[in-house]
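Undergrad: please work out how this folds:
(one chain, ligands or ions: 1)
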Amino acid sequence: MADPWDSQWWLSEVTTDPSYPEDVLPLLLDILHPQPEGRYLDLGCGEGQGMRAVGAAGARVMGCDQDEVLLRHAVTAGPVVQCRLPDLAWLADDTVDGAFAVLVLEHVTEYGRLVAEAGRVVVDGGVLAVVVNHPAFTAPGAGPLIDPSDGEVTWRWGKYLEEGTSVEPAGAFNLTMQHRPLGVLLTTVAAAGWSLERLVERGSGPAAADRDPLLAAQRHIPRLLGVRFRNTRHP
Ligand SMILES: C[S@@+](CC[C@H](N)C(=O)[O-])C[C@H]1O[C@@H](n2cnc3c(N)ncnc32)[C@H](O)[C@@H]1O
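TA: Predicted coordinates:
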């Protein structure tokens, strides 16, 4: 049974969080590198931030998400479909040149099926771009530690090495977040026929640091992870 999702909470989060335009969307564009006139699918498009950014680069974008309220906003950026990932059965093989997922994989339980389905709908040689919260940042039990000897903010790894879940407040509800260490994140995608092409790790940008003074002292602690894969299912 899926967690209930608070659409109004996400609408206010995403439209007021400066780290979206300053950190998250630039990372997406860097990783995806959308081609003008290319066809892209936004997996878990929410209210359409990623669709708008990729569309502004001249690409043609469609989105899908489980949430009808968010999709009513996203439809201003391109065609949308309501679906529950990993279900992409509504899309034919080789339909798009690329797929991307921004801060979505953390919510999806059937991750292996999703990346395999993405490999079916993306043309051979096409791309999959993922932007996730860095798993070292969001691992269950991970968090900042202040070294009492000098006040330096360091990091507790928590249960980074194990796959697991954590429960996080998200507006009116709690959300169960899926934790996958880097090895699991990458090898699951490789097993579905994708080849790793580019991996970028980013610390907290100035926008995130403004929101949380502790983050200002953590600019060197990984915060976001972006990865581009190439579809090599027919070598
Ligand atoms: C953190 S939001 C990110 C939204 C969007 N990618 C963005 O960057 O603005 C996560 C999104 O994933 C969607 N989502 C979560 N699990 C999903 C699933 N199994 N199938 C479809 N959408 C899902 C939620 O409805 C929500 O819109």
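Undergrad: quick check: closest non-adjacent residue to the residue of the chain found nearest the ligand.
TA: Of all residues in the chain, residue 46 sits closest to the ligand, at 2.7 Å by CB to the nearest ligand atom. Just so you know, the C-beta spots here come from the backbone N, C-alpha and C atoms, and that holds for glycine as well. In space, and not counting its chain neighbours, residue 46 is closest to residue 70: 4.9 Å by CB to CB, 6 or more residues apart in numbering.
Undergrad: burial of the one you found, as a residue count?
TA: Neighbourhood size, residue 70 [other CB atoms under 10 Å]: 24.
Undergrad: which residues does it contact?
TA: Contact analysis of residue 70 by CB atoms under 8 Å, 6 or more residues apart in numbering lists 7, 10-11, 45-48.
Undergrad: which one of those has the most neighbours?
TA: When neighbours are counted by other CB under 10 Å, residue 45 leads the contacts of residue 70 with 30 neighbours.
Undergrad: hang on, the earlier thing: tabulate the contacts of residue 70 (CSV), appending pLDDT and secondary structure.
TA: Below are the contacts of residue 70 laid out as CSV (pLDDT from 0 to 100; DSSP: H, G, I helix; E, B strand; the rest coil):
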residue, pLDDT, secondary structure
7, 91, helix
10, 86, helix
11, 90, helix
45, 98, coil
46, 96, coil
47, 96, coil
48, 97, coil
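Undergrad: which one of these is nearest to residue 39?
TA: residue 45 (14.5 Å; CB to CB).
Undergrad: who's the closest residue in space to that closest one that isn't next to it in sequence bridged to?
TA: Using CB to CB, 6+ apart and skipping residues adjacent in sequence, the residue nearest residue 45 is residue 63, 2.9 Å away. Counting by DSSP bridges, residue 63 is bridged to residue 42, residue 80.
Undergrad: grab the longest strand from the protein for me.
TA: strand 122-133 (DSSP state E).
Undergrad: related to what we said a few turns ago, burial count for the residue nearest to residue 45?
TA: Residue 63: 25 neighbours (other CB under 10 Å).
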